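Engineer: build the 3D model from these lines:
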Amino acid sequence: SRVPSSPLKRIPDLASLRQPFLFLLRIVREDRYEKHTVEVLNRYIELPPELRGQFVIVQIHLRDQWVTIWQERGDWTALVRSRKTFIVHTGNFGKKKKRCFLKFAQNHTSAHTQENGKKGGPHGMLHSPPMHVPSLTLGTITASLLIALLTPMVAIVLLRRSGTIHWRAMAIGAFIWFVATQLLERSLHLAVLQFTALPSSPFFFALYAVLAAGIFEEGGRILAFTTVLRGMRKRTDAIAYGVGHGGMECIFIGVLSSLSLLLSAFLLTRGSFGAMSGRIPATQLLLLVDLLTKAPSILFLIAGTERLFAFLIQIGLSLAMLLAITRERTDLILATILLHALLDLPAALYQTHILPLLWTEVLIGIEGIAALIWIVQSRKFFAGIE
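Structural biologist: Residues are numbered from 1 along each chain as shown. All right, here's what the predicted structure looks like:
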């Protein structure tokens, strides 16, 4: 095949392309000509020798024919080659394959790019023309947001109608979730990632993550039910705590992530997505662009239903822990901690690329249904206590 000279023609090796603007991840290699290059569209771009063996992010616009090269360095993004226009020309790709470089127009950096570079400081700015985000994707993200937002609200309304709502238990549940997960557990994760080799083993890192979640969250429940909620031993008290605990999780994980995706989609369609380059590493921007423009829309709806199942699981775990504490059963307390870790295991195995997404969601769905059954059946276990 041959690369056409006209930017309006379709490039054969990108036949499924839907966007004129691309992010490409390339590694800088030293070739037999002792030049350090990256390959783009069957052409080679020469880069400084100090980048040998490192990854760079190539931004290329097929219609306007310009290219920019960036490199992620720690927590910021460095501009390696500023935006320049290139000329795509025909090459010989037969047995006598010629080595061709992208030809750059000399001194052709646009004033718009220079202005962006000045504003961006050392980070520069990722220039991103408007891109198309499917309407179905926007719809499913919105649906996921509503599921995460309405789930705790509906639970609160149902508790109020039954006359069994306990605002104190609910508030303590929300507070404990935030402290346990966003402060203590997250601090431990950062230390483990920075100072240990555990992340190099995906399976053992997943086991560590679920055990940490079980210990911190169930430890928070133990602390709450034995101190500030010591006098509350009814089933409805545990449910109220679970609504607060699971509701805060819905808001932080479900609602805020959906809002972030909607904001990113808005910036992407408006051509303002590059303004985020100084705040988010370029590789994360690359993944986010692919997610919004190429991922199946149903994935975002699945994320919303997952929040619903997780909400039910948190209520079920609150009931199990209060029952264990009320009966003063140390074995049941330990079993609840291990149960929490086991319920988190599918998601952890998916995040470490061990378990496929389909099986992950199926298992989480089964867990959520089992939690709902336990919530209903727990009445008889609390009958003698209440």
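Engineer: ranges for the helices of the stretch 101-250 of the chain?
Structural biologist: Counting by DSSP state H, counting those that start in this stretch, the stretch 101-250 of the chain has these helices, from start to end: 111-120, 135-162, 167-177, 186-195, 202-226, 235-249.
Engineer: okay if I get these as a markdown table plus distance to residue 57, mean pLDDT and mean neighbour count?
Structural biologist: No exception for glycine: its C-beta is placed from N, CA and C like everyone else's. A markdown table is the format used below for the helices of the stretch 101-250 of the chain (distance: least, CB to CB, whole Å; pLDDT from 0 to 100; neighbours: other CB atoms under 10 Å):
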| stretch | distance to residue 57 | mean pLDDT | mean neighbour count |
| --- | --- | --- | --- |
| helix 111-120 | 15 | 36 | 14 |
| helix 135-162 | 23 | 94 | 17 |
| helix 167-177 | 36 | 96 | 21 |
| helix 186-195 | 23 | 92 | 12 |
| helix 202-226 | 25 | 96 | 20 |
| helix 235-249 | 33 | 96 | 26 |
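Engineer: of those helices, which approaches residue 79 most closely?
Structural biologist: helix 111-120 (6.8 Å; CB to CB).
Engineer: center of this protein, which residue is that?
Structural biologist: residue 257 (8.0 Å; CA atoms, centre = their mean).
Engineer: dump the helices of the stretch 101-250 of the chain to a markdown table, plus distance to residue 334.
Structural biologist: Below are the helices of the stretch 101-250 of the chain laid out as a markdown table (distance: least, CB to CB, whole Å):
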| stretch | distance to residue 334 |
| --- | --- |
| helix 111-120 | 53 |
| helix 135-162 | 28 |
| helix 167-177 | 19 |
| helix 186-195 | 20 |
| helix 202-226 | 9 |
| helix 235-249 | 18 |
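Engineer: between the ones you listed, which one is closest to residue 61.
Structural biologist: Per CB to CB, nearest to residue 61 of the helices of the stretch 101-250 of the chain: helix 111-120, 11.6 Å.
Engineer: so who does the residue lying closest to residue 261 once chain neighbours are set aside touch?
Structural biologist: Spatial nearest neighbour of residue 261, excluding adjacent residues (CB to CB, 6 or more residues apart in numbering): residue 141 at 5.1 Å. Contact analysis of residue 141 by CB atoms under 8 Å, 6 or more residues apart in numbering lists 258, 261, 262, 265, 300.
Engineer: I'd assumed residue 34 was in a helix, is it?
Structural biologist: No: applying DSSP: H, G, I helix; E, B strand; the rest coil, one finds residue 34 to be coil, outside a helix.
Engineer: give me the distance between it and residue 69.
Structural biologist: Remark: distance between residue 34 and residue 69 (CB to CB, to the nearest Å) = 20 Å.
Engineer: neighbour-wise, which of the two wins?
Structural biologist: residue 69 (24 against 7; other CB atoms under 10 Å).
Engineer: ok, what's across the strand from that one?
Structural biologist: Following DSSP bridges, residue 69 is listed with bridge partners residue 58, residue 81.
Engineer: isn't it right next to residue 59, touching?
Structural biologist: Yes: at 7.5 Å, residue 69 counts as touching residue 59 under the criterion of CB atoms under 8 Å.
Engineer: need the helix or strand of this protein with the lowest average pLDDT.
Structural biologist: helix 111-120 (a mean of 36; mean pLDDT, DSSP states H and E).
Engineer: for the stretch 1-150 of the chain, which spans come out with low pLDDT?
Structural biologist: In the predicted model, the stretch 1-150 of the chain carries pLDDT under 70 at residues 1-24, 40-43, 62-65, 73-77, 82-131.
Engineer: buried ones in whichever strand or helix holds residue 306?
Structural biologist: Using DSSP states H and E, residue 306 falls within helix 298-326. Neighbour-count burial for helix 298-326, counted by 16 or more other CB atoms under 10 Å, picks out 300-326.
Engineer: what's next to the helix or strand just after that helix, contact-wise?
Structural biologist: Proceeding N to C from helix 298-326, the next assigned helix or strand is helix 330-351, under DSSP H and E. Helix 330-351 has contacts (CB under 8 Å, 6+ apart) with 203, 206-207, 209-211, 213-215, 217-219, 222, 313, 317, 320-321, 323-325, 355-357, 359-360, 363-364, 367.
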